[in-house]
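Q: what's the 3D shape of this:
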Amino acid sequence: MPEQTDHLEPAVHLQKAKLSYPAPDGEIEILRGLDLTIHAGEIVAVMGPSGSGKSSLIALIGGLEVATGGGVHVLGQDLTVASEAQRTHMRRRDVGIVFQSYHLVPAMTALENAALPILLSGAEDASAEASRLLKRVGLGHRLRHRPSALSGGEQQRVAIARAFAGRPRLILADEPTGNLDQSTGRDVSKIMFDLVKEDGSAMLLVTHDPALAATCTRVIEISDGVIAAAAGQK
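A: This next block holds a predicted model:
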């Protein structure tokens, strides 16, 4: 793994970050004062039981949710005061997201799906960059295939190519191997880790797989909306 770069501004810096939702019987607290710092080159695994706040953490860092307390700084931007347009711009320009369920556009080919973030960001050469990444993840022969013609592992490789399109500085992965068999999951995770290393980006990886978590730079465990444990620094 790349070495931690303490002299640089962290990719992610949360200070007592909170997230809650209003409810008839009072607020429901999802994240209850969470501290977390991630530097470029780090791959940080997040583990914890269902409902502990892992996916909410991904949403908060990705600007899909706004903190109800504390500080959330991502890629030098204070997301607690950023507008929705500013958060969207940050995601399109500098954040790649990999989901468990792929979220590919069914009517689009693998090439079109992978090129989509580049097109949305307004950058040029979307097809060339998407083609490069699809070849990088072993799908150079499947560029014109739609998701329905691809296996689960192939669809996730397309999703990875899409997430890394445009060389984002931060990758958020929510159970990216959860729908894959063990062997395919290992292949997919290795591809992601190699791309993170090549691009020098930071990555937050939510997983239930202890073996996958053990290959990351650090592992943190969330329980009831707070960090219950942290281990490792490779």
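
Q: residue contacts, Asn179?
A: Residues near Asn179 by C-beta atoms under 8 Å, 6 or more residues apart in numbering: Gln100, Ser101, Tyr102, Gly152, Gln156. C-beta: built from backbone N, CA, C; applies to glycine.

Q: what kind of secondary structure is the second one in?
A: Under the three-state scheme (DSSP: H, G, I helix; E, B strand; the rest coil), the conformation of Ser101 reads as coil.

Q: begin at 19 from now on, thanks
A: Done: numbering now begins at 19, and the last item shifts to Ser119.

Q: got the contact list for it?
A: Residues in contact with Ser119 (C-beta under 8 Å, 6+ apart) are Asn197.

Q: pLDDT score for it?
A: We have a pLDDT of 85 for Ser119.

Q: circling back: redo the contacts of Asn197 as JSON lines? Include distance to Leu157.
A: Formatted as JSON lines, the contacts of Asn197 follow (distance: C-beta to C-beta, whole Å):
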{"residue": "Gln118", "distance to Leu157": "19"}
{"residue": "Ser119", "distance to Leu157": "18"}
{"residue": "Tyr120", "distance to Leu157": "13"}
{"residue": "Gly170", "distance to Leu157": "13"}
{"residue": "Gln174", "distance to Leu157": "11"}
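
Q: Ala232 versus Ser169, what's the distance?
A: Applying C-beta to C-beta, to the nearest Å, the value for Ser169 to Ala232 is 26 Å.

Q: where does Ile240 fall, secondary structure wise?
A: strand 236-241 (DSSP states H and E).

Q: in its sheet, what does that strand sit against?
A: Using DSSP bridges, the strands paired with strand 236-241 in its sheet are strand 61-65 (parallel), strand 244-249 (antiparallel).

Q: so for the first one, what's the average pLDDT?
A: Averaging pLDDT along strand 61-65 gives 96.

Q: after it comes which helix or strand?
A: helix 72-79.

Q: what's the span of stretch 231-241, first residue to last?
A: 16 Å (C-alpha to C-alpha, to the nearest Å).

Q: distance from the chain centre to that stretch, please.
A: Distance of stretch 231-241 from its chain centroid, counting by C-alpha atoms, centre = their mean, to the nearest Å, is 14 Å.

Q: can you mark which positions in it are buried?
A: Ala231, Thr233, Cys234, Thr235, Arg236, Val237, Ile238, Glu239, Ile240 (16 or more other C-beta atoms under 10 Å).

Q: need the max-distance pair from those.
A: Distance extremes for the buried residues of stretch 231-241: the farthest pair is Thr233 and Ile240 at 19.1 Å, using C-beta to C-beta.

Q: helices along the chain, start to end?
A: Under the criterion DSSP state H, the chain carries helices at the ranges 72-79, 102-112, 128-139, 144-154, 170-182, 200-217, 228-232.

Q: now mean pLDDT too, for those helices, in CSV please.
A: What follows is the helices of the chain, written out as CSV (pLDDT from 0 to 100):
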stretch, mean pLDDT
helix 72-79, 93
helix 102-112, 92
helix 128-139, 90
helix 144-154, 92
helix 170-182, 93
helix 200-217, 91
helix 228-232, 92
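
Q: quick one: the ones you listed as a markdown table, columns for distance to Gly87 too.
A: Output for the helices of the chain, formatted as a markdown table (distance: least, C-beta to C-beta, whole Å):
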| stretch | distance to Gly87 |
| --- | --- |
| helix 72-79 | 11 |
| helix 102-112 | 17 |
| helix 128-139 | 31 |
| helix 144-154 | 38 |
| helix 170-182 | 29 |
| helix 200-217 | 30 |
| helix 228-232 | 28 |
